[in-house]
Every structure is written in C-alpha cells, then in structure tokens.
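Participant: Give me a model of this one.
(one chain, ligands or ions: 1)
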Amino acid sequence: MTSDGRGTHLRSPVTFAGLMIRFPIAKINLGLYITEKRADGYHNLETVFMPVATVQDVLEAVPAQGETVRMHLGGLPVAGDSKDNLVWKAYELLRDRFPDVIPALDWHLHKAIPMGAGLGGGSSDGAETLLLLNEAYQLHLPEATLLELALQLGSDCPFFIYGKPCFASGRGERLEPMNLNLDAYRIEIVPSDIHVSTGKAFGMLHPRPAPFDLRQLSQVPVEDWRFTIGNDFEAPVCTMHPELARTKQQLYDRGAVYAQMSGSGSALFALFRKDIS
Ligand code: C5P
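Facilitator: Numbers count the residues shown, from 1 in each chain. Got it, this is the predicted structure:
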C-alpha cells in the first residue's frame, strides 16, 4: 500500500450523485510518546497524526425499508458484534439526539483498512458516520460538537473530523493543525497479521515526558527523523513480535528515509523519497 505523501485535501465528498456515501481514510502516527497515566484510566500522549488515503473503507447509508436498522459488512472480516462497531455507535449517538430527523438506515461498511493495526480505521469510520449524518440530514452541528461526540466514540476519532495533519495531545483529542508537507515522499504501509489490543499495549508502557516536541517536527529534515523521533509502543510490541523489527529493518535496507510502527501497532509505515525510488 503506498500513498503520494499528500496529507491534505484527502476528504472525499459526502454525497456522491445523491448517495450517502463516504470513503474513510487511515492515519499514521509520526512519533508517539506516552507521557502520563491519568486518573481516568487513559494516558496522556503526544503525537502527530498524518492522514493517509492509500487505503480507504467505503461507508454507505441507505434509508431502511421498515424501522429495523441493519449493518452489512464486507471486505476484510470484522470481529465482534455489529453493535460494537463505531459506525453503529455514532449513528445511535446522533439518532438519540435527533430522533425525528434521522430515520432508520441500512449501513453498508466495506472494510479495507486493516484492523488492530494502529491505522485508525474504526475511528475513521465512526467520525465519517457523524460527518455523513450531519451533512445529509442538515443537523448543523458545529465542528466543536462533532469533536466532542467523536471523543465519546474513541480517543482517535476527533482527528478524523479534521482529517489533516495535526499535533495531538491529551488522549489524542487536543488537536493543533500543522503544516507538514510530505509531497516529496511516498508513504508505504506494511500491515501484518499480528493483532495488537490497544488497551493491552498501553498497559505494557512506562510513561515518561516526551523526549522531543513534535510540534517542531516540520523543522527537522525527514532524513533525520530516525535519530530524533520514535514510537513508545515499538520496543515492547517488537519484543513480543520480533518479526516486526526485522520488517522495519528491511524497509530501511530498501532505502526508506524513515520507518516506524503506527499507533499501538502492528502496521509499519515507511517514507521513501519519490525522486530516488
Ligand atoms: O479511546 P479508545 O476506545 O480508542 O481506547 C481504547 C483503550 O486504549 C482504552 O480503554 C485505554 O485502555 C487505552 N487508551 C489509553 N490512553 C489513550 C487512548 C487509549 O490508555 N490516550
């Protein structure tokens, strides 16, 4: 899976020829530091979220025939009950608020973004559901409300409301849009069969202050990122799954300028200069 490195303007139209259809994108984390365990059980973190449209899900809502809401899943197999899916949860959140406006819908979700990979696919689906309903049913919810609702769905969801490069802190919901241009790079994503539970991965870490201020990332040449930034999840996850460390090394051997695990894993990504690869 490769992308042309463009982090902006990835958002696809909400309605396509009158259909309620969207194409949720993925994200990678450029650097990821877990800085503190919080009293509410979550962790404070610092990262840069970068949108990646190399791989996209397809999400469509169709008015239901009767009053029964259904979820139809296709593409990559999705574990668990449909009611645990963030599409369903996002729909319920808004339908509870606007019962007279939002009708019963049939949801069709085609999964292409690998799950349990640190690519934010589920979070992206949930955020896109909020955006789809807000626009299709003219709910006029302001961005601040959408961000708040997204955070109720999951820590990574608010980023997908923005969908552009952001420095993130707090649980991942304190977002500062960033100017980060990776147009000169091709982003290659390497999924693996290893499924990492986010909650379990957080439990393996020892929080510490961020060793680098990722707000300054655009000041550092990408060639130097491997000596400057990193992902706190990488060492513990690679200890459990040494094949990931080998794959990362292979990416560097192939000429990657920077390679890292995304989120809590297990997908790796690498940046290759377009002019020499
Ligand atoms: O917010 P989300 O549902 O994605 O989080 C899944 C789990 O990951 C949480 O229950 C928590 O254990 C852990 N987590 C955390 N700190 C964060 C985000 C997630 O500890 N900032």
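Participant: Now the residue of the chain most remote from its centre. Nearest residue, chain neighbours left out?
Facilitator: For the chain, the largest distance from the centre (Cα atoms, centre = their mean) belongs to residue 66, which lies 33.5 Å off. Distances taken as Cβ to Cβ, 6 or more residues apart in numbering put residue 104 closest to residue 66, at 7.0 Å, once the chain neighbours are dropped. No exception for glycine: its C-beta is placed from N, CA and C like everyone else's.
Participant: ok, that neighbour touching residue 62?
Facilitator: No - contact criterion Cβ atoms under 8 Å: residue 104 and residue 62 do not qualify, at 10.3 Å.
Participant: helices and strands of the chain: which one has the lowest mean pLDDT?
Facilitator: Scoring the helices and strands of the chain by mean pLDDT, DSSP states H and E places strand 15-16 at the bottom, with a mean of 53.
Participant: now stretch 20-35, how far from the centre of its chain.
Facilitator: Taking Cα atoms, centre = their mean, to the nearest Å, the mean C-alpha location of stretch 20-35 is offset from the chain mean by 2 Å.
Participant: In it, which residues are buried?
Facilitator: For stretch 20-35, burial by neighbour count (16 or more other Cβ atoms under 10 Å) applies to 20-34.
Participant: closest to residue 186 among these?
Facilitator: Relative to residue 186, the closest of the buried residues of stretch 20-35 is residue 28; by Cβ to Cβ it sits at 13.0 Å.
Participant: and the closest one, what is it in contact with?
Facilitator: Contact partners of residue 28, counting by Cβ atoms under 8 Å, 6 or more residues apart in numbering, are 49, 50, 52, 118, 119, 187, 189, 260, 262, 263, 269.
Participant: Quick check: end-to-end length of stretch 229-241?
Facilitator: With Cα to Cα, to the nearest Å applied, stretch 229-241 spans 21 Å between its terminal residues.
Participant: List the strands paired with the next helix or strand after the least confident helix or strand of the chain, with their directions.
Facilitator: Using DSSP states H and E, the helix or strand that directly follows strand 15-16 along the chain is strand 19-22. Partners of strand 19-22 in the sheet, by DSSP bridges, are strand 15-16 (antiparallel), strand 58-63 (antiparallel).
Participant: What's the local residue count around residue 143?
Facilitator: Using other Cβ atoms under 10 Å, residue 143 has 11 neighbouring residues.
Participant: Skipping adjacent residues, who's closest to the residue positioned nearest the centre of the chain in space?
Facilitator: Residue closest to the average C-alpha location in the chain (Cα atoms, centre = their mean): residue 120, at 2.6 Å. Of all residues not flanking residue 120 in the chain, residue 27 sits nearest, at 4.2 Å (Cβ to Cβ, 6+ apart).
Participant: Dump the C-alpha coordinates for stretch 86-97 into PDB.
Facilitator: The C-alpha trace of stretch 86-97 is given here as PDB (Å, rounded to 0.1, in the frame of the first residue of the first chain):
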ATOM      1  CA  LEU A  86     -18.200   2.600  15.800                       C
ATOM      2  CA  VAL A  87     -20.500   3.300  12.800                       C
ATOM      3  CA  TRP A  88     -23.400   1.800  14.800                       C
ATOM      4  CA  LYS A  89     -22.400   3.700  18.000                       C
ATOM      5  CA  ALA A  90     -22.000   7.000  16.100                       C
ATOM      6  CA  TYR A  91     -25.400   6.500  14.500                       C
ATOM      7  CA  GLU A  92     -27.000   5.800  17.800                       C
ATOM      8  CA  LEU A  93     -25.400   8.900  19.400                       C
ATOM      9  CA  LEU A  94     -26.900  11.200  16.800                       C
ATOM     10  CA  ARG A  95     -30.200   9.300  16.400                       C
ATOM     11  CA  ASP A  96     -30.800   9.700  20.200                       C
ATOM     12  CA  ARG A  97     -30.300  13.500  19.700                       C
END
